[in-house]
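[1] sequence unavailable; structure follows:
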């Protein structure tokens, strides 16, 4: 980022981050959490709060069709998650399997057991970390393995790349895309495009998954696999410059730049060991 700003003085960057980037000329705007109802607020007015509306919308729940106890549970979920949109989205993804009351019950149990992390001392960051941890705990073993291995990607990636890098660790290649689909449903991975599908991990989820990957001792193996895939992709893309029929479908140098750069850095670091 610093090199980009120094090399292109006319460029302005709008970025979201959990902490200031500490770059010259940076202007920090602290985006507050969404409004949540106070404890004991009348049920009739709960749907008027932004956090409650977002949670119910993401959970595909119609507030006009819900009993008062469901609305009260939804409001309590929002309070416990401090009105943080990402946390609300992750929790809402669990409503289909557990119901609103079930999500609240699991949050009460799991959030209460999460220890403070000195690196994320801001309360809403602790809440977000706790919700990602809670979401991870609800996954089955294949889903956890694929999510961990996806952490080596930077930016978006293709289904072919996901199959090549996320297979292994007990997950056969044919199982990767079905598992990836379930992670999309749980809001841990985003999907874009129709003809040329691409996936992406939100950065806070990627950082969490990367920590899990390193803790499990899998990082080196998966990073090697990622580097081999993108080294081969770079060769195929170079051939495609001169022969369009050889150009890999759904890729472009711009879309793949972050992953190509990460692969190069990994290979350079390995060469100097």
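    That came in fine, so what should we check first? This is a predicted model, so every value here is computed, not measured.

[2] kindly list the main-chain dihedrals of the residue nearest to residue 153 when sequence neighbours are not counted?
    Ranked by CB to CB, 6 or more residues apart in numbering and with sequence neighbours excluded, the top spatial neighbour of residue 153 is residue 259, at 6.0 Å. Yep, even glycine has a C-beta here, placed from its N, CA and C like the rest. Dihedral angles of residue 259 (phi, psi; degrees, to the nearest 10) stand at phi -70, psi -40.

[3] please tell me how far residue 259 sits from residue 26.
    Look at residue 259 and residue 26: by CB to CB, to the nearest Å, they are 27 Å apart.

[4] again with residue 65
    Computed as CB to CB, the residue 65 to residue 26 distance reads 46 Å.

[5] neighbour count for the two, which is higher?
    For residue 65 versus residue 26, the count of surrounding residues by other CB atoms under 10 Å is larger for residue 26: 13 against 7.

[6] pLDDT at the more buried one, what is it?
    Residue 26 is assigned a predicted lDDT (pLDDT) of 86.

[7] spatially nearest residue to it (excluding sequence neighbours)?
    residue 20 (6.4 Å).

[8] can you check residue 267 too?
    residue 227 (5.2 Å).

[9] now do the helix of greatest length in the chain, average pLDDT.
    Using DSSP state H, we find that the single longest helix of the chain is helix 219-242. Averaging pLDDT along helix 219-242 gives 89.

[10] please apply the same query to stretch 127-139.
    So the average pLDDT for stretch 127-139 ends up being 84.

[11] can you check stretch 157-170 too?
    93.

[12] now do stretch 95-105
    pLDDT averaged over stretch 95-105 gives 88.

[13] what residues sit buried inside that stretch?
    95, 100-101, 103-104 (16 or more other CB atoms under 10 Å).

[14] tell me how far it lies from the chain's centre.
    Centre-to-centre, stretch 95-105 and its host chain are 21 Å apart (CA atoms, centre = their mean, to the nearest Å).

[15] which stretches in this protein count as helices?
    Remark: helices assigned in the chain by DSSP H are 2-7, 50-58, 68-80, 85-92, 95-111, 123-137, 141-150, 159-166, 173-185, 203-215, 219-242, 253-271.

[16] could you name the helices and strands sitting against the second one?
    Counting contacts by 3 or more CB pairs under 8 Å, 6 or more residues apart in numbering; DSSP states H and E, the secondary-structure elements packed against helix 50-58 are helix 68-80, helix 85-92.

[17] likewise for the longest one?
    The elements that helix 219-242 packs onto, with contact taken as 3+ CB pairs under 8 Å, 6+ apart, are helix 159-166, helix 203-215, helix 253-271.

[18] which one of those is the most hemmed in?
    helix 159-166 (a mean of 21; mean count of other CB atoms under 10 Å).

[19] perfect, I'm done here.
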